[in-house]
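S.K.: Got a predicted structure plus its sequence, pasted below:
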Amino acid sequence: MTTWITVCDTCKRDGWLVGDTDGEKLAAAVEAAAEGSDHVKTRRVSCTMGCVRACNVTLQAEGKLAYTLGEFEPGAEAAEAIVEYAELHAQSETGQVPYRQWPQGVKGHFVTRMHPLPTE
């Protein structure tokens, strides 16, 4: 099953002045890290309303737990950890990944966990 990584491309961290937003930088890094994956897809959206915790991503798959993560430094290291976690999410039947398997780069970044919608 496919796990989607949704990246807020309008996120701006404290200190941002001009040029590409921090969200755009993170989105580009996540897209590069996910390139070639059979189980992870990416998309960009404008504003996930998590500005206080920029940079934000959401991981979702149909019928599974979904997660919002934030406060990332936009770059390859964060992107690789996000994609690695998304791969584990895709492999999990419920979307829950045991803590011992979490990449170090996502620890401390979880903001919310949302349960899947009922099927009826």
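M.R.: Yep, it's here.
S.K.: Could you tell me which residues within stretch 37-53 count as buried?
M.R.: Residues of stretch 37-53 classed as buried by neighbour count (16 or more other CB atoms under 10 Å): 37, 39, 40, 41, 42, 44, 48, 50, 53. The C-beta positions use only the backbone N, C-alpha and C, and glycine is treated the same way.
S.K.: Residues in contact with stretch 27-45: which ones?
M.R.: With contacts defined as CB atoms under 8 Å, 6 or more residues apart in numbering, stretch 27-45 is touched by 1-9, 23, 57, 74-76, 78-80, 82-83, 86-87, 90-91.
S.K.: Could you pick out which of those are located in strands?
M.R.: Per DSSP state E, strands hold the following members of the contacts of stretch 27-45: 3, 4, 5, 6, 7, 8, 57.
S.K.: What score does the fifth one have for pLDDT?
M.R.: Reading off the confidence values, residue 7 has pLDDT 98.
S.K.: what pairs with it across the strands?
M.R.: residue 44, residue 57 (DSSP bridges).
S.K.: got the contact list for it?
M.R.: So residue 7 contacts 23, 26, 27, 30, 42, 43, 44, 45, 55, 56, 57 (CB under 8 Å, 6+ apart).
S.K.: what's the answer for the first one, then?
M.R.: Shown here is residue 3, whose contacts under the criterion CB under 8 Å, 6+ apart are 39, 40, 41, 59, 60, 61, 64, 86, 87, 89, 90, 95.
S.K.: Just want the angle from the helix or strand containing the third one to strand 3-8.
M.R.: Under DSSP states H and E, the secondary-structure element containing residue 41 is strand 40-45. Computed with axes from the mean of the first three to the mean of the last three CA atoms, to 10 degrees, the direction of strand 40-45 lies at 20 degrees from that of strand 3-8.
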